[in-house]
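>>> Got a sequence here, can you build the structure:
(chains A and B)
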Amino acid sequence: MRRLIAFSFALVALQSCTERIDIELNDDNTQRLVVEGWISDQERRHEVELSLTTSYFYEQEAPRATGAVVTISNEEESWTLTEDEPGIYRTPLIAPPAAQWYTLEVQYQGETYTATSWMRPVAPIDSLYVRNFDPYEEYGIPDDPYYSVRLWTQELAGQGDAYMWKTFVNNDPVRDTLRELSFVTDGLYDGVYVADIEIDYLDIETEAQIGDTVFVEQWNIGTEAYDIFVGIMNETAWNGGLFDSPPANVQTNMSNGALGYFGAAGLSVKQTIITE
Amino acid sequence: MKRLLLALLTMCWIAGTAQQKHTISGSVKDATTGEELIGASVYHMPSSSGATTNVYGFYSLSLPSGKYELTVSYIGYDTRKLQVDLAEDVKMDIELTPTSVEIGTAVIEGENDAVENVEGVEMSKVKMSMEAIKKIPAFMGEVDVIKAIQMLPGVQTVGEGNSGFYVRGGAVDQNLILLDEAAVYNASHLLGFFSVFNSDAIRDVQLYKGGIPSRYGGRLSSVLDIRMREGNMKTYCAEGGVGTVASRLTLTGPIVKDKGAFLVSGRRTYADVFLKLSNNEAQRNTKLFFYDFNAKANYKLGENDRVYLSGYFGRDVFGFSDLFRIEWGNATGTARWNHVYSNKLFSNLTFIYSNFDYSLSQDVSDFGFLWESNIEDISLKYDFTYYLNPNNTLEFGAIATKRKVNPGFARGTGENSVIGEIRVPENNALETGLYVSNEHSITDWLTAVYGLRWSTFSNMGQATQWSYDAAYNPVDSTVYDSWDIYNTYNNLEPRLGMNIRLSKNQSIKASYNRTAQYIQLASNGTSSSPLDIWFPSSPNVKPQRADQVALGYFQNFMDNTIEGSVEVYYKKMDNAIDFKNHAELLLNQHLEGELRFGEARSYGLEFMVRKQQGRVSGLVSYTLARTEKLIPDVSPDWYPTKYDKTHDISCLLSVQITDRLTAGVNWVYSTGAAVTMPTGRFEYMGELVPVYSDRNAARMPAYHRGDISIAWASKQKPERKWEGELILSVYNVYYRKNPYAINFRQDPDNPNEAYAEMTYLLPILPAITYNFKICK
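Now for the predicted structure:
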């Protein structure tokens, strides 16, 4: 809804023009630890990535934080992660239970950083369906047809759930940056049975074609993560609107001055083949 | 409180003497239309006694028995001298003729134009006539009172072409904007590029930046008092204009000659008409327009009674096909009854209605929804002016307002909508004000105005009130029944002003005022959006309060045709409100949990030179100011507000080149807005996320812009009834790209790199307007 409003106002704005400019920033040179990690109830090697902050106009990928000791624990067990690649730490192959607290602990260069997250259960995807969708025919919106990825699922009763969907075509992620993913809270949909809603769209030919396998992950990331995602989006891809709120640091659940987010999420998956 | 009132009254009585006196009273009017003139002066020069007409055009002056020559003057009108024999009480309505400027013959310049600047006791007050406002090159040809106000010292703007304004460090919601006494909650059309005030329906505009009279209350920083025209008691006229974005038509005339008059006025944009002609289907299906409708009628019931009815209705609509629609608008209504109890006691009873609402709707298969919100005021006000004696004019009165806010109700529509319902419970409040003030000429060089306002505010049912813990998390809620008062605040607001006249054309003025505010806007963006909602004081939100002192030096030049002023002010604001980072202000029933509290301060120096009448008129204003907030939960130190503009310059010049050709130029400059810029970044899920340090520590580039206009009037002949005028205006004439915002973005081609990008809204924009007037 937020994006819809932003979009409509952008349309109204009589004629706004943009131009790249050179600007001098007051860099803060202290490097801080950044955490990006998720654990779910699916059986896999769950991944935590550690990196460092840079100056804003830094021209390369963020430096990785290597040599850290990383553990994840729930109320019963604890797992030590191994650094498979520089800055990428993975658990053993595990399928930990939902409805528990998960704690991440990182020891890096003499400092300890922690975060905890509640793993919300998620309902299964009852049905997944990809169909050719013509926005002009359906809504009168003049736009090209695309593959609409649609699903049926139960939204769990009780506020606080928030969903993120990731789509894979033939095992390759279609979208890998936050700005390309869709995420939504249950604020308006609490406890309803969600039928035939579009959670992603695929370009015909360039992204998918008949016979391709489409695999969808449904993450219940919870509203804490949702708010942080919205915060990140407000500071990045969504900024530039007429009614932007003032820039502000994105929240984190990491302690001790680290940035980023460690989350635990219930995860359900489903796959289908494009037939039309 | 009681003792203070008593002291006030005693002071007035002492000032009066027991001499045999008679009173001359009545109203001062425009001779061509019969409209009352507000603030016209009726003056006896030799004894320096005089009276000014009140806001309803009424005056009363008591003098010892005898024969007098009275001077009646008003800006933009020829001064009149009247012989009066005051052997008994006299009732006299005085008509003044508008000053006409003619070439060839001597140019008449109203010699008393700027007298008020030096002699008036009120400071930090600027009055602008529509005449003067129409001379300013207008954005897209639409004459706009708010844009005119923004040229004044002490008035700042943020963002290009915005109708919001910031007075002496006050936020947008700290301006009391009154249209015929009704509060206007959102003065913007089309995202602020235009204001809701159709210039054809407006008579004049008065802005109080300080020394706010005790009859006004409810906002901290300023009062913008806009009065609609009253129509024409003498003849029927039609006037209007065809412009680049909108057309206007206004009809005025007598209901019964010299007894009653009416005005109806409308304006509508027609961008949507052109969009229908577009080749692009998306544009063809786009709805985009706004309109305003003003109406007013007044009727004299008898010698001592007059009634007025006025109303405003305006709306903005934006939509796409039948799929999506957003609309918003104000509606106001005012019913007034003026009654003269005696030749010294004038009264005005007013019933006021004001409403602002918006709705958003979507009609897309399973996602149909409707979202509505509104704020509604119903007020009753009774005001009195008592002309005790030539040295004391008392004003007193009371107002009560019942306010209902529906902060937002969104729900799915249509049979299949999967969208549930979010309802932020409505809230109700009762706000009252009781005031008294006296304008007291203590000696011939010293005038003082002292007054007091006692305001109260009560939250009442129907309402749902949440309580919060120290971390602003909601704990529990209580539901109150209709009319159940559960929380009350009150404030005593002293208002003082004084004028020390150093000479005929020089004076020093000082003022102090305290103001309180019980309702505020949840607005967090660069611009205020039509979706912003107003929220009241409550057990969790203490009323905002401001104390302001100001000192000024005032001098007129060249026989009172040029006015000059220098003022300094200091303003301290308690219980100032800001919002937590990434606050969610819409459809949030825990809105109060998003608020953070602290204090604010503003101080500055303002300078203005102005010439309002004659072939050459104009204004130069300069403001040097600082505005800061301290909100401990947002930032540990004082930080500048976004509207903290160190320097602000406005220049305005209008020259009548020939009797038919007038040229106007304006130029504005201000320090760039205070903004927060990144000091570093990190990566998260492919996004380059900025890291910030101090709030608003960086500055945008300075803002400056020039506009020009040329007006070409039709030949004036006595037998010709049709007057026409063609106006060509160019906005941003030297195409300054003023950054509206600077955003930091990820390079799509190289995701590891970021760059800064500025957004600017308005390029060079020429516009053409044709205005006409015809009278029978």
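
>>> Just the pLDDT for the nearest residue to A:Gly187 once chain neighbours are set aside.
Nearest residue to A:Gly187, sequence neighbours excluded (C-beta to C-beta, 6 or more residues apart in numbering or on different chains): B:Ile422, at 6.5 Å. Yep, even glycine has a C-beta here, placed from its N, CA and C like the rest. The confidence metric pLDDT takes the value 86 at B:Ile422.

>>> show me what contacts B:Ile422?
Neighbour list for B:Ile422: A:Gly187, A:Leu188, B:Gly408, B:Phe409, B:Ala410, B:Arg411, B:Leu587, B:Gln589 [criterion: C-beta atoms under 8 Å, 6 or more residues apart in numbering or on different chains].

>>> ok, the helix or strand where it lies: who's next to it in the sheet?
Assigned by DSSP states H and E, B:Ile422 belongs to strand B:421-424. Using DSSP bridges, the strands paired with strand B:421-424 are strand B:392-412 (antiparallel).

>>> And the strand it pairs with, how far out from the chain middle?
17 Å (C-alpha atoms, centre = their mean, to the nearest Å).

>>> List the buried residues of it.
For strand B:392-412, burial by neighbour count (16 or more other C-beta atoms under 10 Å in any protein chain shown) applies to B:392-397, B:399, B:401-412.

>>> ditto for stretch B:508-517
B:Lys509, B:Ala510, B:Ser511, B:Tyr512, B:Asn513, B:Arg514, B:Thr515, B:Ala516, B:Gln517.

>>> try stretch A:235-249
A:235-237, A:239-249.

>>> ok, now stretch B:430-450?
Of the residues in stretch B:430-450, B:430-441, B:447-450 count as buried by neighbour count, 16+ other C-beta under 10 Å.

>>> Out of these, which is nearest to chain A?
Distance to chain A across the buried residues of stretch B:430-450 (C-beta to the nearest C-beta) is lowest for B:Glu431, with 28.2 Å.

>>> so what's that closest one bridging to?
Bridge pairing for B:Glu431 - DSSP bridges - gives B:Thr401, B:Phe457.

>>> residues contacting B:Glu160?
B:Tyr703, B:Asn738, B:Tyr740, B:Tyr760, B:Leu761, B:Leu762.

>>> The last one: how many residues sit nearby?
By other C-beta atoms under 10 Å in any protein chain shown, the residues close to B:Leu762 number 22.

>>> export the helix or strand B:Asn459 falls within as PDB, just CAs?
For B:Asn459, the element it lies in under DSSP H and E is strand B:446-460. Only the C-alpha atoms of strand B:446-460 are listed here, as PDB (Å, rounded to 0.1, in the frame of the first residue of the first chain):
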ATOM      1  CA  LEU B 446       3.000  55.500  24.400                       C
ATOM      2  CA  THR B 447       0.400  52.900  23.500                       C
ATOM      3  CA  ALA B 448       0.100  49.500  25.100                       C
ATOM      4  CA  VAL B 449      -2.000  46.500  24.400                       C
ATOM      5  CA  TYR B 450      -2.400  44.100  27.200                       C
ATOM      6  CA  GLY B 451      -4.500  41.000  27.200                       C
ATOM      7  CA  LEU B 452      -5.000  37.600  28.500                       C
ATOM      8  CA  ARG B 453      -6.300  34.400  27.000                       C
ATOM      9  CA  TRP B 454      -7.400  31.400  29.100                       C
ATOM     10  CA  SER B 455      -7.500  28.300  27.000                       C
ATOM     11  CA  THR B 456      -8.700  24.900  28.000                       C
ATOM     12  CA  PHE B 457      -8.600  21.600  26.300                       C
ATOM     13  CA  SER B 458     -10.400  18.400  27.200                       C
ATOM     14  CA  ASN B 459     -10.200  15.000  25.700                       C
ATOM     15  CA  MET B 460     -13.500  13.300  25.700                       C
END
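
>>> how distant is that strand from the center of its chain?
Per C-alpha atoms, centre = their mean, the displacement of strand B:446-460 from the mean C-alpha position of its chain is 20 Å.

>>> Now do it: which elements does it pack against?
helix B:2-15, strand B:427-443, strand B:485-503 (3 or more C-beta pairs under 8 Å, 6 or more residues apart in numbering or on different chains; DSSP states H and E).

>>> make it 6 Å
Here strand B:446-460 touches strand B:427-443, strand B:485-503, going by 3 or more C-beta pairs under 6 Å, 6 or more residues apart in numbering or on different chains; DSSP states H and E.

>>> Same list (those) but as CSV, adding mean pLDDT.
Converted to CSV, the helices and strands packed on strand B:446-460 look like this (pLDDT from 0 to 100):
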stretch, mean pLDDT
strand B:427-443, 95
strand B:485-503, 96
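
>>> could the ones you listed go into JSON lines alongside distance to B:Val665?
Putting those into JSON lines (distance: least, C-beta to C-beta, whole Å) gives the following:
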{"stretch": "strand B:427-443", "distance to B:Val665": "38"}
{"stretch": "strand B:485-503", "distance to B:Val665": "33"}
